[in-house]
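Asks: need a structure here:
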Amino acid sequence: MADERLRTFVTVARCGSLSAAARELFISQPAVTQQVHKLEAEYRCQLFLRHERGVKLTPAGEVLREHALRVVELEEQAGEALAALQQSLRGTLRLGATFTLGEYLLPPILARFKAAHPDVELLLEIENAAKVVEHVAGGAYGCGVIEGPHHNPFVRSEKLADDELVVICGPSHPFAGRAELGVDDLRTATWVLREPGSGTRTVFEDGLAAAGIDPESLSVLMRVGSTQAVKGVVREGLALTAVSPWTVREELESGALVRLAVPALELHRAFQFIFARGARLPLVTRRFVKYCREQVAEKLAQV
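Replies: Numbering: from 1, shown residues only. Alright, predicted model coming up:
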């Protein structure tokens with residue numbers, strides 16, 4: 001097995017912070033510091049330079065990282081080969097997902113995947129799209145699942161499924177009984193929006209611009225960092241919002257929320273897997289991606 005000090009060193013180098021590496025490795029920051037110091041004592045050189053925002057590699061650290069990455073990767077490949085021989089799947093999947101996907105679509109899929117592969121360790125972090133892309137590019141997550149486009153050159157994408165935002169309101173809202181809304185209705189309505197960096201918000205604002213509406217001209221009641229919170233505000237009948245139908249299926253069926261027809265507004269997007277460009281995908285990641293595709297296709301076939 002690869003020296004745990006090398007794994008810790010690689011994690012600190014990727015995270016750029018002792019505290020961030022400690023959180024990812026589920027050990028204390030002093031334990032991380034101790035392992036780094038032991039490596040520095042063994043190789044008789046300084047591996048990191050400390051600064052107020054974290055740490056960065058010294059020239060010696062850059063050299064060690066190149067070799068340490070190969071050692072860790074070789075161990076992972078050996079484990080995969082042995083697991084395939086034993087017809088079992090082992091490993092760790094660090095997955096980043098947006099709120100829409102991480103709170104609604106992925107949990108049952110992850111639960112079933114874990115039940116089928118009990119030796120796999122699953123770590124899910126839920127953030128807005130901008131953060132997920134950033135952390136995938138930096139290597140903190142082996143895989144991300146986001147909605148809508150991104151423009152990071154260090155990240156590549158693979159489509160998972162098509163999606164379309166729907167405009168909703170509470171049953172007490174004046175628009176609830178309308179057959180459809182026009183562009184002027186959208187301009188005069190009050191809205192609840194997700195925070196900047198949200199994939200849902202980006203797609204919504206792009207759709208408004210295409211319909212000739214300046215997103216900055218909207219009357220915004222509040223900006224909220226959670227789809228669940230957005231729905232809670234909208235249920236009170238104070239504002240409209242646009243969300244994925246995956247997030248409001250139960251509320252639309254029960255009448256707690258109302259879907260509004262807006263012919264002038266096109267809010268198409270895609271759910272996407274994202275990976276660090278050029279990174280080798282471990283077997284556990286490849287298996288999960290395949291399983292997730294199958295599960296989502298099955299769900300869509302039932303709609």
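
Asks: what sits against K159?
Replies: If you count contacts by Cβ atoms under 8 Å, 6 or more residues apart in numbering, K159 has them with 270-273. Any C-beta I mention is one placed from the backbone N, CA and C, and that applies to glycine too.

Asks: show me the shaky parts of the stretch 51-200 of the chain.
Replies: Residues of the stretch 51-200 of the chain meeting the criterion pLDDT under 70: 79-88.

Asks: same question for the stretch 201-303 of the chain.
Replies: The stretch 201-303 of the chain contains residues with pLDDT under 70 at 301-303.

Asks: picking up where we left off before, distance to R53 and secondary structure for the contacts of K159 - can I get that in TSV?
Replies: Shown next, in TSV, are the contacts of K159 (distance: Cβ to Cβ, whole Å; DSSP: H, G, I helix; E, B strand; the rest coil):
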residue	distance to R53	secondary structure
A270	35	strand
F271	33	strand
Q272	30	strand
F273	30	strand
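
Asks: three-state assignment of E298?
Replies: Secondary structure assignment for E298 (DSSP: H, G, I helix; E, B strand; the rest coil): helix.

Asks: which residue packs closest to the residue positioned nearest the centre of the chain, ignoring adjacent ones?
Replies: With distances taken as Cα atoms, centre = their mean, A97 lies nearest the centre of the chain, 2.1 Å away. In space, and not counting its chain neighbours, A97 is closest to V145: 4.5 Å by Cβ to Cβ, 6 or more residues apart in numbering.

Asks: quick check, that neighbour in a strand?
Replies: Yes. Assessed with three-state DSSP, V145 lies in a strand.

Asks: so it is in contact with F271, correct?
Replies: Yes. With contact defined as Cβ atoms under 8 Å, V145 reaches F271; the gap is 6.7 Å.

Asks: the more surrounded of those two?
Replies: The residue with more neighbours, out of V145 and F271, is V145; 26 against 23, by other Cβ atoms under 10 Å.

Asks: that one pairs with what?
Replies: Beta bridges link V145 to A97, F273 when assigned by DSSP bridges.

Asks: for it, list the residues it contacts.
Replies: By Cβ under 8 Å, 6+ apart, V145 lies in contact with 95-98, 101-102, 106, 132, 160, 271-274, 292.

Asks: outside of stretch 30-40, which residues touch it?
Replies: Stretch 30-40 is touched from outside by 4-6, 8-9, 12, 18, 21-22, 25, 46-48, 64, with contacts defined as Cβ under 8 Å, 6+ apart.

Asks: of the contacts of K159, which is the nearest to E73?
Replies: Comparing the contacts of K159 against E73 with Cβ to Cβ places F273 closest, at 20.7 Å.
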